[in-house]
Structures are given as structure tokens and as C-alpha cells.
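[1] Fold the following.
(2 chains)
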Amino acid sequence: MVAQGQKRKLHKEDERGGSAWESQLQSVLDISMDKFHRDQALMEPCLLRSVLINNTLRQVQSEVRTQVESLSAVKSPTKLKPEPDFTQLSPPAEHNAPLLSPNAENIEDTFMAWTSEEDFSLSSAISGILKDLDAVIDAGQGPCASQRAPLSSVENLTPCPLRTERTSDMASSVKTELMCPQDVALDKLLLDIDTAVFEPEVNLLQGFSVTTEDLVKYLPSLSKSPSASSSSSLVSHCQATWEIQEIEHVMDILMRTYPQS
Amino acid sequence: MMAGVGGGNDFQWCFSQVKGAIDEDVAEADIISTVEFNYSGELLATGDKGGRVVIFQREQESKNRLLSRGEYNVYSTFQSHEPEFDYLKSLEIEEKINKIRWLPQQNAAHFLLSANDKTIKLWKISERDKRAEGYNLKDEDGRLQDQFRITTLRVPVLMPMDLMVEASPRRIFANAHTYHINSISVNSDYETYLSADDLRINLWHLEITDRSFNIVDIKPANMEELTEVITAAECHPHQCNVFVYSSSKGTIRLCDMRAAALCDRHSKFFEEPEDPSSRSFFSEIISSISDVKFSHSGRYMMTRDYLSVKVWDLNMENRPVETYQVHEYLRSKLCSLYENDCIFDKFECCWNGSDSAIMTGSYNNFFRMFDRNTRRDITLEASRENSKPRAILKPRKVCTGGKRKKDEISVDSLDFNKKILHTAWHPKENVIAVAATNNLYIFQDKMN
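    Model prediction:
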């Protein structure tokens, strides 16, 4: 496991360490989600077990967020040359820069500087995970009211509390996420660490207002995309353009919600 | 590995007896779920998943016998708990006996508490070896005679009969636990006892069944905020106002019932700081304490987490005074053990009578003993292969890497289905009871 705060180099060699951490993270997440679902199917799951599994899932989410933060902390202060060298990213992406808020300009540059496709897919995957975790929280407020979370005893059948501050409490956001069936989608998202295919209909500028139906709609397209480990396909020009734009939006939102101290 | 744990340099453990079916197919109901000696060590009780309690009694020692110690034979068997159905919540309540605790003997009868997930019962086990005969109240057919037909007063005479051991439920303490009971503990005042579930601890009076006092409640207002549960609780052996409870986060809280009616605020808080170099995704799970036991002296307590046993001095809260690694070779396998659920196994631990040694179980039917004075430890196995009468147990060793020596077993060959979760040590002698799934092994020391 990569130690927290350790800077990741812009080098393909380093990707191996990141992959090992990521694969362990993914294993733990997969196993935990599987257990969580199996326990949810039980009428009365063991409380100790549920608490331990939930805490592990929270830890996984915390690790993911920390990794994203450390990545953005490493990248954004760097003053990069105006003409970044990108071999696989399409030149038209550059033109999108003026459309973004000034805040995101540096972030855009840092992303442009990533020549490695794996790096690119990793960061997009991580930001995709975070985006969808938050989206699921919003989407899940309605449907999960009728579901009994494993931590709720039968005597405590209350609807999900309304969350006014999504990002304030990481732990509570995971809890709500865990209560919703949309986490199946998360599983699939995490499996696919290639550049996630976002439907153009998803307008991230709306904020996190993705509905459950929208999210479910993405699943077929996501599962069809090949995983990064086996994929050698190049990202198409249009896709890259659109994806970079989406990532910039995501990073922008992340920067706003997690202001650097 | 040095033999000698528990009684000195010449000490060796020998096989004594094994109880239970030899059949490879283990019936779920026969799986032993708790083992406990009584205060004198004369009686040994086991509870199983089928809700039954079997009590063994030690034979009187005979000078003519070759065996140095008496054998344990079945004394009484009874069905303690039955499966129940909670109609309100549509949940089945398992009959599995989670814990048995003996009461100190105060008359000819023996008393024990047995608990399943929801209900605790006080059982009286008494002997009957005489029968009153000579009643003139019934005729030859057994029908009660008409009162007017009885003309003489005949006092019945007590005649000897075959020994009969009867178990009768004297008290039923029910409906006090919403969550699953994990511990019961008799107080040193011999009048009260505590019962603990995942979120609450209740104090009972042995005579009163219709109410109990709630003394600890860690249930949050919003269950979604729950991150920690109670895993075990025990009363102090001498101070009737003191008890401890352990948590799933590896902490122990000592509470004084004199301080307040509700002991949510602890008097002492025991926690060892985490070693940052060994932090992993599983750190919290393996820190969860599965058992806590006071020493007989009352000065120390012992906790069992997934990989180690720790001895704490009650006067020092910031770290344990002793730590013993039970199966450190499993640390690199935690992900697999998480996947196959073994990481959630709850191992118990116990002290010997003099508090000089501790014992706990492991996998592959191995169990471990640690001598606190000599710092020696030993790994032994409970298996049918080593079950010749008075056969000396050979120490076992797990090969952790490199070349496997003869008689060693590699970590990958360990059978994780053969787990020793429950062990008990005779309060006065070197006799131990080890539960291996559906078999109960009794080992004792070899008299020189």
C-alpha cells in the first residue's frame, strides 16, 4: 500500500505501485460490498460483523479521497509549460480551456501534462468514483427510505435523514451510499478503470442531480467498455475532448468542496 | 518448542479423554459453543448449537487406578434452550448456547446460568438417590384412594434408588435484550449478574426475573452512526462494583457501579496505541476484542483479539503489560481470511488457576499456551491421532517460510475449518478442556 502523502511521479514506472494499491483497494472493496449485500439479504445480520464491514468500506472511501487529494495537491502547484506535451490526447482539447473557470485552468494543465494513458484513466476513474458516490447519495435519498440498513435494528425503521451537507461528513455519506441498491453500479464503475464513458446527457454543471434512472442507464455502456488492464485502445478525439472537459468539471467541483489548506 | 508451560520444567501435557462423535460428518447441532468448569473443577459443562447442556462430573480418585486423576463422565444432559420465533419481528431466535456460567455452590445442588442470544436461564442440577416409599394414599392401580377409606397414618420410608440427576429451570430472564447476548458474568456478591449484548449491558438480581437494570447503553440515537459495538463483558472477581467491557475497536472500559446508575462514562479506558507501520485495511477488524477475562487475583485482565492475547494491568491504561502472538503468520493472509470470514472468528482465552499461564485456541485444531513467568509458549493439537490414553502431546510448529522442517506444517496447509474457539482450565489443577468443533478433549499433566 502506497503511504499517504507520498508524491507520485509522472512516470510510468510508478504506475505499478499505484496499481498494487489500487488492486488491494479494489479487492477489499469488492469483498466488502459482496458481504454487505449478502448481509442485507439476511433478516437479522450480525451487528458486529455489519459494523466492521461498514467501517472497512468507510476506510476504503477515505483512502480513495485521500489519494485524489494528494494527487491534486501534487499537480496543481506545478507551473507547467504553456504547450504541454501530450502524445495521446487530442490537440482540440486545448481549445476547451477558455470555457472553464480560471480556477480550473491549472488543473486542466496538470491533466494535460499527464502523458501516460494509465495515469489518465486512473485519475478519471477515481474522480468518477467520487462523483458517482456523491451522485448516488443524492439519488438514493428517496428509494432507500423503505430499505432497512443493516445497522438499523428492526425497532429503528426510520427514513434516511436528509443530508444538507453532502461533503461535510464523509462517513455519513458512505452510510447512505451503502443503504442504496445503486452501489451495484459503483462496483461496476470501479471494475472499469478505463476512461469511463460518460453520456453527454449527464450535465455535471447541474451539480449532483443525477437521478437513479440516469445512473442505471449508464451501466450497459460502462460494462461494455474494456478494462484498462487489457485495453490498448486509444481514446478517440471526441471522447478525449469530452472526457477531459468532464474531468475538469469534476476537479473543479472537488476543488471547491475540498479547498486546499 | 519447550514443554513446561503451566507447571514447571518437567511439565508435559497428556491426552486424557475425548467426548463426542467420531463421525467425519459433523451435525450442526453438536458443535460445542461454550465450555466451563465450575468453581471446584468437579463439574465441567458444555453448551452446543442445538441448545443442549452436557455436564461432566469427575470421578472420585481411586488409589488403585493407574490414572493420576479422575476421569470426567457424563453427569447430566438437558435441553436448555429451544429455537424460538419472534413473531413481532419475524425473526428466528437460535437455540445455540452462547455462554454458561456456574454459580458458587451453596448447598447440595449446583446452579448454572445458560444464555442464548436473547434469554438467560438459571438451572438447578440436583441429585436424587432416595425415594419415599410406603404411601397408603393410592390403591394398587395407582388411583388416589377415597379419603374416608384411609384409616391409618403411615409415614413413608426413604429407600435408596439409582442415582438420578435432575436439571430444572428455576428462573428465566427474558425480554431484556434487543441485540444478541455475547456475555454473562456472575458478580462476586453472588446475588447479581450482568448480561451484555452488542449495545447494552444489564444487571440482574438472581431472584428477580421481571426486571433488570440497564447499566451501559451505547446505542446511538441514529443507528446509521454506529461504529462500535460491545463484544464482551465481565464482573471483577472480588470488587462487586467493578466490571469491564470490550469493544470492536480494541478498547476496554472499566466501570464502577458506585459512580452512577448508568455507567456510560467509564472509570478507566484501556487502549494500546496503533502501530502505524502495521496499519492496513484490516487493522480495525483484527483489533476487535473477542474475549476479556480477569485474572483470578483481580489485578490483571486478559484480552483476545484476532492475532494476539494481551495481559493488562488494571493500573495501567495506556498499554498492555504483556502481549503474546498467537498466530502472527496469518498477518499476511488477512485479505483471504477476510474473504472466507475467518477474520470474524471469536476466539476465547483463559487463565490457569494460579494466573501463571494463559491459553487460547487457533486453527487446525491447534491451541496455544503461554507461561507468563518463563515466557515459554507451546502449540498443541487436539486430534484423534494423538488420543491414546496418557499419550504425551507433542508440540506442534507452523512453518512460516523457507524450508519446511520435518513435523512442521506450512501455513497454507492449515485447516481453517478446524478452529478451537473455546477452552477452559481447571481452577485448581492442570487439567484443560478444549472444544474442537463437536468433540471435547480433556488433557491433563503427566504425573512424574
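[2] give me every residue that touches the residue of the stretch 301-448 of chain B found nearest chain A.
    Chain A sits closest to residue B:339 of the stretch 301-448 of chain B, with a gap of 5.1 Å, by CB to the nearest CB. Every C-beta, even on glycine, is put in place using the N, C-alpha and C of the backbone. For residue B:339, the contacting residues are residue A:31, by CB atoms under 8 Å, 6 or more residues apart in numbering or on different chains.
[3] So residue A:50, which state does it fall into?
    helix (DSSP: H, G, I helix; E, B strand; the rest coil).
[4] Surely it and residue A:39 touch.
    Yes: look at residue A:50 against residue A:39 with CB atoms under 8 Å: they come within range, at 5.8 Å.
[5] Looking at the two, which one has more neighbours?
    residue A:50 (23 against 16; other CB atoms under 10 Å in any protein chain shown).
[6] State the distance from the more buried one to residue B:304.
    21 Å (CB to CB, to the nearest Å).
[7] Does stretch B:22-42 reach chain A?
    No: judged by CB under 8 Å from any CB of the partner chain, stretch B:22-42 stays clear of chain A, getting no closer than 14.6 Å.
[8] next one: that stretch to chain centre, how far?
    Centroid displacement of stretch B:22-42 relative to its chain, using CA atoms, centre = their mean, to the nearest Å, is 10 Å.
[9] Same check on stretch B:193-207?
    17 Å.
[10] does any bit of it sit next to chain A?
    Yes: using CB under 8 Å from any CB, stretch B:193-207 reaches chain A at B:198-199.
[11] Could you tell me the end-to-end distance of that stretch?
    11 Å (CA to CA, to the nearest Å).
[12] ok, residue B:123 to chain A distance?
    To chain A, residue B:123 is 27 Å away according to CB to the nearest CB, to the nearest Å.
[13] And residue B:90, by the same measure?
    From residue B:90 to chain A the distance is 7 Å (CB to the nearest CB).
[14] same question, residue B:194
    Note on residue B:194: its distance to chain A, by CB to the nearest CB, is 19 Å.
[15] tell me the secondary structure for that residue?
    strand.
[16] and if you look at the one 10 residues further on?
    Of the three states, residue B:204 takes strand under three-state DSSP.
[17] Any stretches of chain B with poor pLDDT?
    For chain B, applying pLDDT under 70 flags the ranges B:1-10, B:62-69, B:447-448.
[18] got the residue ranges for the helices in it?
    In chain B, the helices defined using DSSP state H lie at B:283-287, B:334-339.
[19] For the longest one, buried residues please.
    Just to be clear, that refers to helix B:334-339. The neighbour-count check on helix B:334-339 (16 or more other CB atoms under 10 Å in any protein chain shown) flags B:334, B:337-339 as buried.
[20] what's near enough to touch residue B:366?
    Residue B:366 touches B:379-381, B:396, B:398, B:420, counting by CB under 8 Å, 6+ apart.
[21] Residue B:332 now?
    Residue B:332 neighbours (CB under 8 Å, 6+ apart): none.
[22] And the longest strand anywhere in chain B, what does it pack against?
    For chain B, the strand with the greatest residue count under DSSP state E is strand B:157-173. Packing partners of strand B:157-173 (3 or more CB pairs under 8 Å, 6 or more residues apart in numbering or on different chains; DSSP states H and E): strand B:72-79, strand B:120-133.
[23] what's the longest one packed up against?
    Using 3+ CB pairs under 8 Å, 6+ apart as the contact criterion, the neighbours of strand B:120-133 among helices and strands are strand B:72-79, strand B:110-115, strand B:157-173.
[24] same check, this time on the first one
    Applying 3+ CB pairs under 8 Å, 6+ apart, we find strand B:72-79 packed against strand B:13-19, strand B:52-58, strand B:120-133, strand B:157-173.
[25] same thing but 6 Å
    When contacts are defined as 3 or more CB pairs under 6 Å, 6 or more residues apart in numbering or on different chains; DSSP states H and E, strand B:72-79 packs onto strand B:52-58, strand B:157-173.
[26] How far does the longest one sit from its chain's centre?
    Shown here is strand B:157-173, whose average C-alpha point lies 25 Å from the average C-alpha point of the whole chain (CA atoms, centre = their mean).
[27] With stretch B:253-260 instead?
    From the chain centre to the centre of stretch B:253-260 is a distance of 25 Å (CA atoms, centre = their mean).
[28] Quickly list what residue B:419 is bridged to.
    Residue B:419 forms beta bridges with residue B:363, as assigned by DSSP bridges.
[29] wait, doesn't it sit right on residue B:363?
    Yes: using CB atoms under 6 Å, residue B:419 is in contact with residue B:363, at 5.4 Å.
[30] residues in the stretch 1-150 of chain A within reach of chain B, list them.
    The stretch 1-150 of chain A comes close to chain B at residues A:28, A:31, A:43-44, A:47-49, A:51-52, A:55, A:59, as judged by CB under 6 Å from any CB of the partner chain.
[31] from the residues you listed, which would you call buried?
    Using 16+ other CB under 10 Å, the buried ones in the residues of the stretch 1-150 of chain A next to chain B are A:28, A:31, A:44, A:47-49, A:51-52, A:55, A:59.
[32] could those residues go into TSV alongside pLDDT?
    Listed next are those as TSV, based on pLDDT from 0 to 100:
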residue	pLDDT
A:28	93
A:31	94
A:44	83
A:47	94
A:48	96
A:49	95
A:51	96
A:52	96
A:55	95
A:59	91
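[33] what about residue B:328, how many neighbours?
    Using other CB under 10 Å, residue B:328 has 11 neighbouring residues.
[34] And the residue nearest to it when sequence neighbours are not counted, how close does it get to residue B:246?
    Sequence neighbours aside, residue B:307 is the residue nearest to residue B:328 in space, at 6.1 Å (criterion: CB to CB, 6 or more residues apart in numbering or on different chains). For residue B:307, the distance to residue B:246 equals 16 Å [CB to CB].
[35] got it, and residue B:197?
    For residue B:197, the distance to residue B:246 - CB to CB - is 13 Å.
[36] Give the residue from the two that has the larger number of neighbours.
    Taking neighbours as other CB under 10 Å, residue B:197 and residue B:246 compare with residue B:246 leading, 27 against 22.
[37] hang on, isn't the more buried one packed against residue B:232?
    Yes: counting by CB under 6 Å, residue B:246 does reach residue B:232; the two are 4.7 Å apart.
[38] and for the two, which residues touch both?
    Both residue B:246 and residue B:232 are in contact with residue B:292, where contact means CB atoms under 6 Å, 6 or more residues apart in numbering or on different chains.
[39] follow-up on the earlier one: columns mean neighbour count and distance to residue B:89 on top of the helices and strands packed on strand B:120-133, output as TSV?
    Putting the helices and strands packed on strand B:120-133 into TSV (neighbours: other CB atoms under 10 Å in any protein chain shown; distance: least, CB to CB, whole Å) gives the following:
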stretch	mean neighbour count	distance to residue B:89
strand B:72-79	16	24
strand B:110-115	25	19
strand B:157-173	13	20
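[40] Let's have those strands in a markdown table, adding distance to residue B:389.
    As requested, the helices and strands packed on strand B:120-133 are exported to a markdown table (distance: least, CB to CB, whole Å):
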| stretch | distance to residue B:389 |
| --- | --- |
| strand B:72-79 | 14 |
| strand B:110-115 | 28 |
| strand B:157-173 | 26 |
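[41] what's the closest of those strands to residue B:413?
    Using CB to CB as the measure, strand B:72-79 is the one of the helices and strands packed on strand B:120-133 that comes nearest residue B:413, at 32.2 Å.
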